[in-house]
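1. got a sequence here, can you model it:
(chains A, B, C and D, ligands or ions: 4)
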There are 2 protein chains.
Amino acid sequence: MLSLTEENYLKAIYHLSDGGSKSVLTNEVADAMSTKPASVTDMVKKLSAKKLITYEKYYGVTITKQGKTDALNIIRKHRLWETFLVQKLNFHWDQVHEVAEQLEHIQSPLLIEKLDEFLNFPVADPHGHPIPDKNGKIHTGQQIPLCEVPGKKTVTVLAVNVKESSSFLQYLSKIGVYIGAKLAILDKAEFDGSIEIMIDGKKKVFVSKEASQNILVTP
Amino acid sequence: MLSLTEENYLKAIYHLSDGGSKSVLTNEVADAMSTKPASVTDMVKKLSAKKLITYEKYYGVTITKQGKTDALNIIRKHRLWETFLVQKLNFHWDQVHEVAEQLEHIQSPLLIEKLDEFLNFPVADPHGHPIPDKNGKIHTGQQIPLCEVPGKKTVTVLAVNVKESSSFLQYLSKIGVYIGAKLAILDKAEFDGSIEIMIDGKKKVFVSKEASQNILVTP
DNA sequence: TAAAAAGTTTAGACGAGTCTAAAAAATTAT
DNA sequence: ATAATTTTTTAGACTCGTCTAAACTTTTTA
Ligand SMILES: [Mn+2]
Ligand SMILES: [Mn+2]
Ligand SMILES: [Mn+2]
Ligand SMILES: [Mn+2]
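-> Ligands and ions are numbered 1, 2, ... in the order given. Model (predicted):
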């Protein structure tokens, strides 16, 4: 049984390690969790004692099989709740993260099972992020950042990289980008990496390199 | 901003004081919270410092105006979540309490506002308990325990007194009693206070004094 | 490759919430 | 009205999660 705090650390380590594929340094965790490195050291010792991560002094942590399983379950809950908030309660996609950050810690397997069913077994959350199934399996198709699309074809928005701030999401809504939107690439500016796109065949806009790196589309 | 623990204490004190109408002793709180009296003393000092209760050494605590408001908000959330679990996720009425005990602490006024709307502004939870409105106002009609119904009339089940255990709720389901059921009082046994009732004009059963005290009906 | 810088851990402290054991106050029984 | 009993509070300790300051290790720079 993990505490709320342990769950948050474990999830952060999972994300920082790209799903367990690389090791994570103390300072990275401290940054992500907005705590001090000393606090992280204490916590990684605890998670390590619980066999959820392996910890080598001065060289960072790696997530274990069990750690991955537990992290994925928290992520599953987080994303199911986000989906509920948007689909059933009409939250906007930039309003859900903080609430889901709380809801993900509710302990009730039955609740999650029933919520999943109520939502009709969704495969992606409002930001296009895959929802792990009850066995922790993630099935995602290929996604590439808009800035890496070769040539001038038309692509579909699959997901957005959403960090702390919700202002990027608000910006996307404002210009008309949403999950499923069709983006026709019209032009690419060499000097600043910005791209001119046509959204749903209706609206022409320029998006910065920064933005186009965080819009994930069909390859 | 109250901690989860403070919220649970405050709610317990609210309930033990019958909504603020009487003062509550340290040992009663300790019993209700399954903690030790020494822990209660510590906590009531904190709640008293926050002006949510008044505390007189050796003579127990009384809830303040603000304390009542805060307690009612937690109760509102608890009951809205219970309603959600039963109406939308098909939980049984004996499965919701523990989960709602967690969900009631989620901090998001927007969430509660939208949940209330999603549920169509319910006025009672699955156990027939009134849901305070967003201003903390409770509107309940008259309710009396089944055992106190005079004569042999037919009454409607309005609510059930549900304590820790869910086994009473399971028992009620088993014999066919639910919120809204019509109970015709057929006979009352003097010697043990048990009552013979006909449920929905279909099923005859005997209920104990103990049970009939915890079934609240129309007067 | 030695010095400087950056990153990490340890040591010690603190607040929240809990406990046990002992002291104090209130209640009750004699 | 005093003694016995019950209730409540205090004192001191413990865990969890956090912090700062100091010590230590690794990495970078010159
Ligand atoms: Mn969280
Ligand atoms: Mn998301
Ligand atoms: Mn609770
Ligand atoms: Mn209830």
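2. from now on I want contacts and neighbour counts done on CA atoms only, so please keep to that.
-> OK.
3. which pLDDT value goes with A:Asp192?
-> For A:Asp192, the pLDDT comes out at 86.
4. for DNA strand C, see how far away it is.
-> 28 Å (CA to the nearest atom of the strand, to the nearest Å).
5. which residues of chain A lie near DNA strand D?
-> A:3-6, A:34-40, A:42-43, A:58-59 (CA under 7 Å from any atom of the strand).
6. weed out the non-buried ones from these.
-> For the residues of chain A next to DNA strand D, a burial check counting by 16 or more other CA atoms under 10 Å in any protein chain shown picks out A:Pro37, A:Val40, A:Met43.
7. run through those residues and flag the ones next to DNA strand C.
-> Answer for those near DNA strand C (CA under 7 Å from any atom of the strand): A:Pro37, A:Val40.
8. within the helices and strands, which one has A:Leu10?
-> helix A:4-16 (DSSP states H and E).
9. now do that helix: which elements does it pack against?
-> Here helix A:4-16 touches helix A:26-33, helix A:37-49, helix A:65-87, going by 3 or more CA pairs under 8 Å, 6 or more residues apart in numbering or on different chains; DSSP states H and E.
10. same thing but at 7 Å, please
-> If you count contacts as 3 or more CA pairs under 7 Å, 6 or more residues apart in numbering or on different chains; DSSP states H and E, helix A:4-16 packs onto helix A:26-33, helix A:65-87.
11. got JSON lines for these, with mean pLDDT, mean neighbour count and distance to B:Leu47 too?
-> Output for the helices and strands packed on helix A:4-16, formatted as JSON lines (pLDDT from 0 to 100; neighbours: other CA atoms under 10 Å in any protein chain shown; distance: least, CA to CA, whole Å):
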{"stretch": "helix A:26-33", "mean pLDDT": "98", "mean neighbour count": "17", "distance to B:Leu47": "30"}
{"stretch": "helix A:65-87", "mean pLDDT": "98", "mean neighbour count": "23", "distance to B:Leu47": "32"}
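12. looking at the ones you listed, which is closest to DNA strand C?
-> Between DNA strand C and those, the tightest spacing by CA to the nearest atom of the strand is seen for helix A:26-33, at 3.5 Å.
13. just want the angle from the closest one to helix A:4-16.
-> 110 degrees (axes from the mean of the first three to the mean of the last three CA atoms, to 10 degrees).
14. only C-alpha atoms, please: export helix A:26-33 in PDB.
-> Only the C-alpha atoms of helix A:26-33 are listed here, as PDB (Å, rounded to 0.1, in the frame of the first residue of the first chain):
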ATOM      1  CA  THR A  26      17.800  13.000  -8.000                       C
ATOM      2  CA  ASN A  27      17.700  16.600  -9.200                       C
ATOM      3  CA  GLU A  28      15.300  15.800 -12.100                       C
ATOM      4  CA  VAL A  29      12.900  14.300  -9.600                       C
ATOM      5  CA  ALA A  30      13.300  17.200  -7.300                       C
ATOM      6  CA  ASP A  31      12.500  19.600 -10.200                       C
ATOM      7  CA  ALA A  32       9.500  17.600 -11.300                       C
ATOM      8  CA  MET A  33       8.100  17.300  -7.800                       C
END
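15. quickly check: that helix near DNA strand C or not.
-> Yes - counting by CA under 7 Å from any atom of the strand, DNA strand C is contacted by helix A:26-33 at A:Thr26, A:Asn27, A:Glu28.
16. wait, what's in contact with the first one?
-> In other words, A:Thr26. Neighbouring residues of A:Thr26 by CA atoms under 7 Å, 6 or more residues apart in numbering or on different chains: A:Pro37, A:Val40, A:Thr41, A:Gly60.
17. ok, so of the residues you listed, who is nearest A:Leu89?
-> A:Val40 (35.9 Å; CA to CA).
18. report how many residues lie close to the nearest residue to A:Ile195 once chain neighbours are set aside.
-> Leaving aside its sequence neighbours, A:Ile195 sits nearest to A:Lys188 (CA to CA, 6 or more residues apart in numbering or on different chains; 4.5 Å). A:Lys188 has 18 neighbouring residues, counting by other CA atoms under 10 Å in any protein chain shown.
19. dihedrals phi and psi, A:Lys188?
-> phi -130, psi 130 (degrees, to the nearest 10).
20. can I assume it is in contact with A:Glu196?
-> Yes - with contacts counted by CA atoms under 7 Å, A:Lys188 reaches A:Glu196, the gap being 6.3 Å.
21. and stretch A:85-105, how far from the chain's centre?
-> 13 Å (CA atoms, centre = their mean, to the nearest Å).
22. how about stretch A:21-36?
-> Relative to its chain's centre, stretch A:21-36 lies at 16 Å (CA atoms, centre = their mean).
23. so what would you say the end-to-end distance of it is?
-> Terminal residues of stretch A:21-36 are spaced 24 Å apart (CA to CA, to the nearest Å).
24. just the buried positions in stretch A:205-219, please.
-> For stretch A:205-219, by 16+ other CA under 10 Å, it's A:Phe206, A:Val207, A:Lys209, A:Ala211, A:Ser212, A:Gln213, A:Asn214, A:Ile215, A:Leu216, A:Val217, A:Thr218, A:Pro219.
25. restricted to helices, list those residues.
-> A:Lys209, A:Ala211, A:Ser212, A:Gln213 (DSSP state H).
26. any idea how far A:Leu4 lies from A:Leu10?
-> 10 Å.
27. picking up where we left off before, out of the ones in helices among the buried residues of stretch A:205-219, the closest to B:Leu183 would be?
-> Once CA to CA is applied, the member of those that ends up nearest B:Leu183 is A:Ala211, at 65.1 Å.
28. what residues does chain A put near DNA strand C?
-> So far as CA under 7 Å from any atom of the strand goes, chain A lies against DNA strand C at A:25-28, A:37-42, A:56-60.
29. tabulate the CA atom coordinates of stretch A:96-108 in CSV.
-> Output in CSV follows, covering the C-alpha atoms of stretch A:96-108 (Å, rounded to 0.1, in the frame of the first residue of the first chain):
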residue,chain,number,x,y,z
VAL,A,96,-8.8,18.6,-15.6
HIS,A,97,-5.2,18.0,-14.7
GLU,A,98,-5.2,19.3,-11.1
VAL,A,99,-8.4,17.6,-10.2
ALA,A,100,-7.2,14.3,-11.7
GLU,A,101,-4.0,14.7,-9.7
GLN,A,102,-6.1,14.3,-6.7
LEU,A,103,-8.6,11.7,-8.0
GLU,A,104,-5.9,9.4,-9.2
HIS,A,105,-5.2,8.5,-5.5
ILE,A,106,-8.7,7.2,-4.7
GLN,A,107,-8.3,3.6,-3.6
SER,A,108,-11.0,1.4,-5.1
